[in-house]
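Chemist: Sequence first, predicted model second:
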Amino acid sequence: MARILVVEDELELSKIMAEWLEDEFHVVNVAHTGSEAQAKLATSVFELIILDLMLPEVNGIEICRSYRESGGATPILMVTAKKSLSSKENGLDSGADDYLTKPFKLRELSARVRALLRRPKAVVPTVLSAGSIELDLNARTVTRGGQEVRLVGKEFALLELLMRNAGKVITVDTIIDNLWSESSNISNDTVRSHIRSLRQKLDGDSDTKSIVTLHGIGYRIDER
Ligand code: CA
């Protein structure tokens, strides 16, 4: 299972790709324009990006280049209808890892996705910290004040999202967008109950509240 961003302006195709990948147990997020993709890349972390070349607003090459320049290390699979060698070279030069030409078979998409996800992960900081909380992305463990905190299901991903954005407010919509696939109708109550159980595990009986609620807006975890 991986978190995948699909950037595709053809609605029907994006839907088919998302459903196909969800059937393979991935969590899929879809962006239909270049700027929507950039906004998602700025706030969320994905394990793979499937990026159409020709997009409204900002094209795939631009997105790829600016994402790499800002230090983004997630593998990118560029998808395009152009068959010419020059566009292929352009895509790879801009920082894409692989290339898929439209029309493609969904099984070929799966094979490329599998190959890219098998690559060793880029070396990026693997331990996030905020105050006395430490989250180890590789070991998938969390400690608070050195004590292990056992998280289950979405709790880990929720804490990871808050900690990656420590000091910033994360809206409920952003949480839903990051943790669940688009097709799974999640209500604000579900988010609230996940926050509640996460808080209980992190804080226990302690007076220090690790997660701050901003009523009607969202949640924040402070850096110290
Ligand atoms: Ca397109």
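Modeler: That came through fine.
Chemist: Convert the C-alpha atoms of the longest helix seen in the chain to PDB, please.
Modeler: The residue-count maximum for a helix in the chain (DSSP state H) belongs to helix 188-203. The C-alpha coordinates for helix 188-203 follow below in PDB (Å, rounded to 0.1, in the frame of the first residue of the first chain):
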ATOM      1  CA  ASN A 188     -15.700  15.500  10.200                       C
ATOM      2  CA  ASP A 189     -16.800  13.300  13.100                       C
ATOM      3  CA  THR A 190     -14.500  10.500  12.000                       C
ATOM      4  CA  VAL A 191     -11.600  12.900  12.000                       C
ATOM      5  CA  ARG A 192     -12.600  14.200  15.500                       C
ATOM      6  CA  SER A 193     -12.700  10.600  16.900                       C
ATOM      7  CA  HIS A 194      -9.200   9.900  15.500                       C
ATOM      8  CA  ILE A 195      -7.900  13.100  17.000                       C
ATOM      9  CA  ARG A 196      -9.500  12.100  20.300                       C
ATOM     10  CA  SER A 197      -7.900   8.600  20.400                       C
ATOM     11  CA  LEU A 198      -4.500  10.000  19.300                       C
ATOM     12  CA  ARG A 199      -4.600  12.600  22.100                       C
ATOM     13  CA  GLN A 200      -5.500  10.000  24.700                       C
ATOM     14  CA  LYS A 201      -2.500   7.900  23.700                       C
ATOM     15  CA  LEU A 202      -0.100  10.800  23.500                       C
ATOM     16  CA  ASP A 203      -1.200  12.700  26.600                       C
END
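Chemist: Quick one: the helices in the protein, in order.
Modeler: 11-23, 34-43, 60-69, 85-93, 106-118, 154-164, 172-179, 188-203.
Chemist: quick one on the thing from earlier: now the angle from the longest helix of the chain to helix 154-164?
Modeler: Relative orientation of helix 188-203 versus helix 154-164 (axes from the mean of the first three to the mean of the last three Cα atoms, to 10 degrees): 80 degrees.
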